[in-house]
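Student: below are the sequence and a predicted model; questions follow.
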Amino acid sequence: MTALNATSKPSSSGARITGDDLQHLVVWYWCLRAIADPDGITSVAVEADDAGNVDDVVVHFADDKSKFIQVKAAVASAYLASIDWLTDRPKRTGAGKPSPSLLQKLHKSWVDLGRPATGLELITGRPLDGSDRVLALIDRHNSIGTGLRRASTQALAKARGELAGHLECTEEELCSLLDALAIRVGQTEAEWLSRVADVAASAGIRADESEVGVALAWVRNWVKDTRDPRTPEQIATAADSMGLRIENPRTVIVIQGLRREPVDDASHVLDWVERFRGAEASNRRGMINPADWNGVLSDDLAALRASLIEQNNQRVLVRGALRLPCWFALGAALRGVAGFHLAVEYRDGIWVANQNRITDRTVNILTDELRGNGPTLIVLAISTDRTDDVRHTLLSSRHGRLVTLTIEEGPHQSLLADADDALSAAVAIRDWIRANIDSREIDLVLMAPAPFAAFLGWSWDRMQTTTIYEDLSNEGYEAAFTISS
């Protein structure tokens, strides 16, 4: 078997994106993640020899965890993702027993890998079968384990027993498998091209269609010539040899908020951990000295902004475990109108604020109560709506209006699927506030994912003076940053 030389360029005839590149896009996405985070990812393999039927992409991390991904592209959109599809056993030619089902193959691979608690992933281009009662349980973590374990109906309990019988295992083992398995349905090449573009921006790699085509040709050669895993250094060398490196990569900023994060790759580090009340990440809420919000923390952000502008480093990638006011203030310090190109690490991806991919979103008004003159208290209910809590603990006679806003069918936990959704929602809400809020001051409460808060701050120009509030859980709210446009 011929080794794939990291310095060999794919031929230009292969440098295109074809209609069957979902697997290769997933591979390249994780290669880019490795370039962007060489200290967090140790290797990426494609069609790995030791991963059973979850071998299409295997990623090993520095913390000894792994991700095993199987990609199943749909032949046509008429083919739906359902439990019948997962349990179907294709007939073999001749009189032999039917082949194992996809679910049986996944179960065997999971057992052979030592029954990991997480890390298996099934990516399919098949859209979800809306009538399937089992896959309808897919939650925001793309898992059905929790829902099937709780089995709220007799039909689901029966289905759980039938699936355990199909795998010849206990119901608890079935649910443990499904806890470990993320099922991503309806995945398209367009969606993964968008994800590739986002992570490429943080990795300092070009991601126009022609450049992605060159990268996918390299992945195809990798599949064809050798299945050896690649280290981040080897992948970065290959990207350089293909001419994909951007001359001005993103500057990494780490903000130590609720807990401390690795800083080896960071050019700028802000450490706020000891300024929060609470002994651990789960209970760090509010400042020991509330004056620090608009004192030390605001001064740190202003100094960071000035340093980045002076160094002409306005393409930034931010990492940190922060409460929403910190994300909002960070975005406001590094606003798009000041020339900053913002990306944030979130869960297992990179979310990039890209104005070119903003789409129109509809703002829905959940609450609008006129009370007189004074600041407008605005609740942005993206993930959940706790307006009643805000009304009882924060609303006062000084407020002239109480408004709760969401986007379209929100609020719910999976309302924002990606960075484009988050930025589009932030811009839509900003524009609504510009057009509909007359008060000179705003008190703001966010109930949203972290990237939405960052992107809202990033786009918060020509706005009223805004004070954002920290949720203190059972202790009400604390005034945090005050932002002036």
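Tutor: Cool, the structure landed.
Student: make it CA atoms for all contacts and neighbour counts henceforth
Tutor: Fine.
Student: could you give the separation of the helix or strand harbouring Lys108 from the chain centroid?
Tutor: In this assignment (DSSP states H and E), Lys108 forms part of helix 102-112. Mean-position distance between helix 102-112 and its chain equals 27 Å (Cα atoms, centre = their mean, to the nearest Å).
Student: which strands and helices lie in contact with the helix or strand just after it?
Tutor: Downstream of helix 102-112, the next assigned helix or strand under DSSP H and E is strand 120-124. Applying 3 or more Cα pairs under 8 Å, 6 or more residues apart in numbering; DSSP states H and E, we find strand 120-124 packed against strand 66-72, strand 181-184.
Student: what does the helix holding Lys108 rub up against?
Tutor: 51-54, 85-89, 116, 120, 166-167, 177 (Cα atoms under 8 Å, 6 or more residues apart in numbering).
Student: relative to strand 66-72, how tilted is that helix?
Tutor: 160 degrees (axes from the mean of the first three to the mean of the last three Cα atoms, to 10 degrees).
Student: how about helix 102-112: buried residues?
Tutor: Leu102, Leu103, Gln104, Lys105, Leu106, His107, Lys108, Ser109, Trp110 (16 or more other Cα atoms under 10 Å).
Student: adding distance to Arg227, write these out as TSV.
Tutor: Listed next are these as TSV, based on distance: Cα to Cα, whole Å:
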residue	distance to Arg227
Leu102	23
Leu103	25
Gln104	25
Lys105	21
Leu106	21
His107	23
Lys108	22
Ser109	18
Trp110	21
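Student: now the residues you listed in CSV, with distance to Arg160 and pLDDT?
Tutor: Listed next are the buried residues of helix 102-112 as CSV, based on distance: Cα to Cα, whole Å; pLDDT from 0 to 100:
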residue, distance to Arg160, pLDDT
Leu102, 17, 95
Leu103, 13, 96
Gln104, 15, 96
Lys105, 18, 95
Leu106, 16, 96
His107, 15, 96
Lys108, 18, 95
Ser109, 20, 95
Trp110, 18, 96
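Student: quick one, grab the pLDDT at Asp299.
Tutor: The per-residue pLDDT reported for Asp299 equals 98.
Student: where does pLDDT dip in the stretch 51-200 of the chain?
Tutor: The stretch 51-200 of the chain contains residues with pLDDT under 70 at 75-78, 93-95.
Student: ok, His341 - contacts?
Tutor: With Cα under 8 Å, 6+ apart, His341 has these contacts: Gln314, Arg315, Val316, Ala353, Asn354.
Student: any idea how far the last one lies from Val26?
Tutor: When Cα to Cα, to the nearest Å is applied, the distance between Asn354 and Val26 equals 21 Å.
Student: higher neighbour count, the two?
Tutor: Val26 (24 against 18; other Cα atoms under 10 Å).
Student: now the more buried one: which helix or strand?
Tutor: helix 22-36.
Student: again, but for Ala238
Tutor: helix 232-241.
Student: contacts for the helix or strand just after that helix?
Tutor: Moving toward the C-terminus from helix 232-241, the next helix or strand (DSSP H and E) is strand 251-256. Contacts to strand 251-256, defined as Cα under 8 Å, 6+ apart, come from residues 261, 263, 265-273, 313-322.
Student: give me phi/psi at Tyr346?
Tutor: Torsion angles at Tyr346 (phi, psi; degrees, to the nearest 10) stand at phi -150, psi 120.
Student: so what's it bridging to?
Tutor: Counting by DSSP bridges, Tyr346 is bridged to Gly349.
Student: would you mind measuring from it to Thr467?
Tutor: Counting by Cα to Cα, the gap from Tyr346 to Thr467 is 24 Å.
Student: where does the stretch 251-400 of the chain dip in pLDDT?
Tutor: Those would be none, if you go by pLDDT under 70 across the stretch 251-400 of the chain.
Student: and the helices in it?
Tutor: Using DSSP state H, counting those that start in this stretch, the helices assigned to the stretch 251-400 of the chain run over residues 298-310, 324-333, 387-393.
Student: just the CA coordinates for the first one, please, in CSV.
Tutor: Output for helix 298-310, consisting of C-alpha atoms alone and laid out as CSV, is shown next (Å, rounded to 0.1, in the frame of the first residue of the first chain):
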residue,chain,number,x,y,z
SER,A,298,-14.6,46.3,31.2
ASP,A,299,-11.1,47.7,31.4
ASP,A,300,-9.7,44.3,30.5
LEU,A,301,-11.9,44.2,27.4
ALA,A,302,-11.1,47.7,26.4
ALA,A,303,-7.3,46.9,26.7
LEU,A,304,-7.8,43.7,24.7
ARG,A,305,-9.6,45.7,21.9
ALA,A,306,-6.9,48.3,21.8
SER,A,307,-4.1,45.8,21.6
LEU,A,308,-5.8,43.8,18.8
ILE,A,309,-6.4,46.9,16.8
GLU,A,310,-2.8,48.1,17.3
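Student: flag every buried residue along it.
Tutor: Quick answer for helix 298-310 (16+ other Cα under 10 Å): Ser298, Asp300, Leu301, Leu304, Arg305, Leu308.
Student: that helix: how far from the chain's middle?
Tutor: Distance, centroid of helix 298-310 to centroid of chain: 27 Å (Cα atoms, centre = their mean).
Student: what's the angle from it to strand 251-256?
Tutor: 170 degrees.
Student: for the residue lying closest to Tyr29 once chain neighbours are set aside, give me its contacts.
Tutor: With Cα to Cα, 6 or more residues apart in numbering as the criterion, Tyr29 has its nearest non-adjacent residue at 5.1 Å, and that residue is Val196. Taking Cα under 8 Å, 6+ apart, we find Val196 in contact with Leu25, Trp28, Tyr29, Leu32, Ala207.
Student: which single one of the contacts of helix 102-112 is nearest to Val214?
Tutor: Val54 (25.6 Å; Cα to Cα).
Student: ok so the closest one is a helix residue?
Tutor: No. Counting by DSSP: H, G, I helix; E, B strand; the rest coil, Val54 is not part of a helix but coil.
Student: contact partners for the closest residue to it other than its chain neighbours?
Tutor: Nearest non-adjacent residue to Val54, counting by Cα to Cα, 6+ apart: Gln70, 4.6 Å away. Gln70 is in contact with Asn53, Val54, Asp55, Asp56, Val57, Glu121, Leu122, Ile123, counting by Cα under 8 Å, 6+ apart.
Student: many thanks, have a good one.
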